[in-house]
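Student: what's the 3D shape of this:
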Amino acid sequence: MKRRTGRASVRDALLRELRRIGLSVRGRFFTRPKPPEPSVVVGLEAAAVERLLGEHHFAPNWDMSFAYFGEVCNLRRVEYVADHPLGYRWWQIHVRGYHHPDGLELTAHFETDPSESPDAHVDRIGIDIQRGLAELIDLLETNDVSYTREEPAQSSQPARR
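Tutor: Below you'll find the predicted structure:
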């Protein structure tokens, strides 16, 4: 078993602290209002959603995305799409969760992967909210999770499953 040297421990501590500072700056200066997107509301806590999505290859995404007020869950699953008409191959399903009186409100969208196509990602090239939400709903239904579908404020009544 290899022992850690003092130098490695200091470096690891420094990197952890830099990450913490980066997330703090992100939260303080780059937090935005929640966008009006279609969503689903599930009667689950954030930890249960993280577990469910994590079991389907979603991973935390706090480090690589904007922060939104009230956001308590931020996960993504990277996918390879060989024949996408825009020519990008690496995409992600990005799911965010927000507190809601009935549990957790989840939004989702399909978009270019920021680590492989940062400019396209920032410019929102190819973003597909309906595709992301459809994949999230499919995952919820496959796992027998009840949900209520909600539309942005300009719509009328939420649709129930």
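Student: Now do Leu104, the pLDDT please.
Tutor: Leu104 is assigned 95 on the pLDDT scale.
Student: Name the secondary structure element that contains the residue lying closest to it once chain neighbours are set aside.
Tutor: Nearest residue to Leu104, sequence neighbours excluded (Cβ to Cβ, 6 or more residues apart in numbering): Gly97, at 4.7 Å. The way it works is simple: take the backbone N, C-alpha and C, and place the C-beta from them, glycine included. Here Gly97, judged by DSSP states H and E, is contained in strand 90-100.
Student: Please point out which parts of that strand sit buried.
Tutor: In terms of neighbour count (16 or more other Cβ atoms under 10 Å), strand 90-100 has its buried residues at Trp90, Trp91, Gln92, Ile93, His94, Val95, Arg96, Gly97, Tyr98, His100.
Student: In three-state terms, label Arg77 for me.
Tutor: strand (DSSP: H, G, I helix; E, B strand; the rest coil).
Student: Hmm, it is touching Gly54, no?
Tutor: No - look at Arg77 against Gly54 with Cβ atoms under 8 Å: they stay out of range, at 9.7 Å.
Student: These two: which is more packed in?
Tutor: Using other Cβ atoms under 10 Å, the more surrounded residue of Arg77 and Gly54 is Arg77, with 18 against 13.
Student: Could you check how far the more buried one is from Pro60?
Tutor: Distance, Arg77 to Pro60, by Cβ to Cβ, to the nearest Å: 11 Å.
Student: Next: Ser9.
Tutor: Applying Cβ to Cβ to Ser9 and Pro60 gives a distance of 24 Å.
Student: Which residue of these two possesses the greater neighbour count?
Tutor: Each of Ser9 and Pro60 has its neighbours counted (other Cβ under 10 Å); Pro60 has more, 13 against 10.
Student: Rebuild the buried residues of strand 90-100 as a markdown table, extending it with pLDDT and distance to Thr31.
Tutor: Output for the buried residues of strand 90-100, formatted as a markdown table (pLDDT from 0 to 100; distance: Cβ to Cβ, whole Å):
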| residue | pLDDT | distance to Thr31 |
| --- | --- | --- |
| Trp90 | 95 | 27 |
| Trp91 | 95 | 25 |
| Gln92 | 94 | 21 |
| Ile93 | 96 | 22 |
| His94 | 95 | 17 |
| Val95 | 97 | 18 |
| Arg96 | 95 | 13 |
| Gly97 | 96 | 15 |
| Tyr98 | 95 | 13 |
| His100 | 93 | 19 |
